[in-house]
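Novice: model the following, please.
(2 chains)
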Amino acid sequence: MKHHAAVTDIDLNAYLDCELDEARRAEIEALIESTPELAERVALYRADTARIARLHAPLQDLPIPPRLLEAVRRGTAPRPARRLAPVWAGLSAAAVLLLAVWIAPSLRTAPEPLVAEALAVRSGKTNPVREISAAQLASIDARDAVLQTALSLPVRVPDLERAGFELARMQLFDESTERKAVQLTYRDQKARSFTVYLRGPAGGDRFDLQQHANLQVCIWQNDSLGVVMLGGDMTAREMLRVATLTYGDLEF
Amino acid sequence: MIAFFPGRGGRETDDKRKADSDGSTTEFSDRLLAHLPRLRRYAIALTRNITLADDLVQDCIERACRKQDLLQDPERLMGWLRTTLINLYRDNLRRERRRGVPIELDAVLDLAGNDPIPSDWLAMKELAGALDLLSPDHREILLLAALEDLSYREIADTLRLPIGTVMSRLSRARAQLRDALERGDVTPSSIRSVGGSP
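Specialist: Residues are numbered from 1 along each chain as shown, chains lettered A, B, ... in the order given. Next up, the predicted model:
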């Protein structure tokens, strides 16, 4: 809506909300003072704004329902250690070394289908139907929404900053309606790549650690979701830490 | 190869978090509680439905608790909560979820212990009805400016919009509200008030 050759409704709003610099403010103010129509419009907007605040002000005094207070208490209570945590915490350096030796035989065996899928995706042998860079999805919620839509599951994009990894891209692989898949690629400052391959139903509950060539492999799955985490140039100890963070942050 | 079967029970608990969890979670809890009245007010104003508003606030709290490691900056918590609430609200609109028993504005004000009949009560009810007629986009931005008293920069951050879009959308929202009031689209009998579905 244009009221005057030199002032628009956007200007009037910015004036009302004190968002103009001093020079422009003075200019608009002079126009308002000399134009009754503008002065009336500003007065009405100002009155509407004040009434919106007054109309809703009492809502802030409403007692908070017990269920919301309980949600805060439950959400911020010290959390019991998860079953995974003692496993991780109990792994001494020696145990990790032993683990590395123990899993070494898997180097010589062909990867199982789920891992083979993840390896093919990571190596670029499987083309995504869609690729989104992290820069295109700046907010946590936007990333979660893409992942949840792609998989039709309430999973969240893990935040691995605590492990030094930042999300670089999301790749969507729509193999079929029942077995949609997504690869999340993370990178750290050493340019190491950590990928999380997620896809639909993969089988029963399972958590495995393996090694294939120079990649650490961590597999977690349940009846609804299969996850293969692949870390390059990582020790088994590092892999366990990043995989634990990933597992926790998926919130599934 | 090793194999074990972890249960689900919340996010990871690393050593650092164990070490300072008691102090920081108490502090986080206090900050969250301090923001609740204002967050709930915005949710009710946005949805015009107390039950739906409380569902959104509860979802928001639960999400904040899950992300509390990333939300330790007190200055950013309220903004994060508000953005999350708006996103949840939009998700609800997309799913067209409608539930909860409508509660009249008069009842809400009574609950708050305020004078139920202010001098410009009719004008206030017309305003509530006019707000109901706005699109969700216009209502959320107008409430951020007029009720939450946010700057354009803060609104832009909350809604993840360029400042120019904030300015034009807010301008349209105010103009549409005024037009609805001036056209007389809103009469006391047609007012759905805070309890009406969005």
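
Novice: now stretch A:14-21, how far from the centre of its chain.
Specialist: 35 Å (CA atoms, centre = their mean, to the nearest Å).

Novice: buried sites along that stretch?
Specialist: Buried positions in stretch A:14-21, judged by neighbour count with 16 or more other CB atoms under 10 Å in any protein chain shown: A:Ala14, A:Tyr15, A:Leu16, A:Asp17, A:Glu19, A:Leu20. No exception for glycine: its C-beta is placed from N, CA and C like everyone else's.

Novice: next, format the residues you listed as a markdown table and append pLDDT and distance to chain B.
Specialist: Listed next are the buried residues of stretch A:14-21 as a markdown table, based on pLDDT from 0 to 100; distance: CB to the nearest CB, whole Å:
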| residue | pLDDT | distance to chain B |
| --- | --- | --- |
| A:Ala14 | 95 | 6 |
| A:Tyr15 | 95 | 11 |
| A:Leu16 | 94 | 8 |
| A:Asp17 | 95 | 6 |
| A:Glu19 | 95 | 5 |
| A:Leu20 | 93 | 10 |
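
Novice: domains of the chain?
Specialist: Chain wasn't specified; assuming chain A. Using automatic domain parsing, the domains assigned to chain A come out as A:2-60, A:95-250.

Novice: switch to chain B, please.
Specialist: Domain assignment for chain B by automatic domain parsing gives B:24-95, B:120-188.

Novice: put together JSON lines for these, with mean neighbour count and distance to chain A on each row.
Specialist: Below are the domains of chain B laid out as JSON lines (neighbours: other CB atoms under 10 Å in any protein chain shown; distance: least, CB to the nearest CB, whole Å):
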{"stretch": "domain B:24-95", "mean neighbour count": "19", "distance to chain A": "3"}
{"stretch": "domain B:120-188", "mean neighbour count": "18", "distance to chain A": "4"}
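
Novice: coming back round to it: of the buried residues of stretch A:14-21, which pair is most distant in space?
Specialist: Pairwise distances across the buried residues of stretch A:14-21 peak at 9.7 Å for A:Leu16 and A:Leu20 (criterion: CB to CB).

Novice: my read: A:Ala236 touches A:Leu215, true?
Specialist: No: assessed by CB atoms under 8 Å, A:Ala236 is found out of contact with A:Leu215, at 11.5 Å.

Novice: can you pull out the strands in the stretch 51-200 of chain A?
Specialist: A:130-133, A:166-174, A:180-187, A:193-199 (DSSP state E, counting those that start in this stretch).

Novice: again, but for chain B
Specialist: For chain B, the strands defined by DSSP state E occupy B:2-3.

Novice: residue ranges in it under the pLDDT threshold?
Specialist: Along chain B, segments meeting pLDDT under 70 span B:1-25, B:72, B:95-120, B:185-198.

Novice: where exactly do the helices run in it?
Specialist: Under the criterion DSSP state H, chain B contains helices at B:15-47, B:50-66, B:74-95, B:105-111, B:121-133, B:136-146, B:152-159, B:163-183.

Novice: distance to A:Arg24 for the ones you listed - can I get that in CSV?
Specialist: Output for the helices of chain B, formatted as CSV (distance: least, CB to CB, whole Å):
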stretch, distance to A:Arg24
helix B:15-47, 30
helix B:50-66, 37
helix B:74-95, 27
helix B:105-111, 38
helix B:121-133, 29
helix B:136-146, 19
helix B:152-159, 14
helix B:163-183, 13
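
Novice: dump the strands of the stretch 51-200 of chain A to JSON lines, plus mean neighbour count, mean pLDDT and distance to A:Asp223.
Specialist: Output for these, formatted as JSON lines (neighbours: other CB atoms under 10 Å in any protein chain shown; pLDDT from 0 to 100; distance: least, CB to CB, whole Å):
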{"stretch": "strand A:130-133", "mean neighbour count": "13", "mean pLDDT": "89", "distance to A:Asp223": "26"}
{"stretch": "strand A:166-174", "mean neighbour count": "18", "mean pLDDT": "89", "distance to A:Asp223": "20"}
{"stretch": "strand A:180-187", "mean neighbour count": "22", "mean pLDDT": "92", "distance to A:Asp223": "16"}
{"stretch": "strand A:193-199", "mean neighbour count": "25", "mean pLDDT": "93", "distance to A:Asp223": "13"}
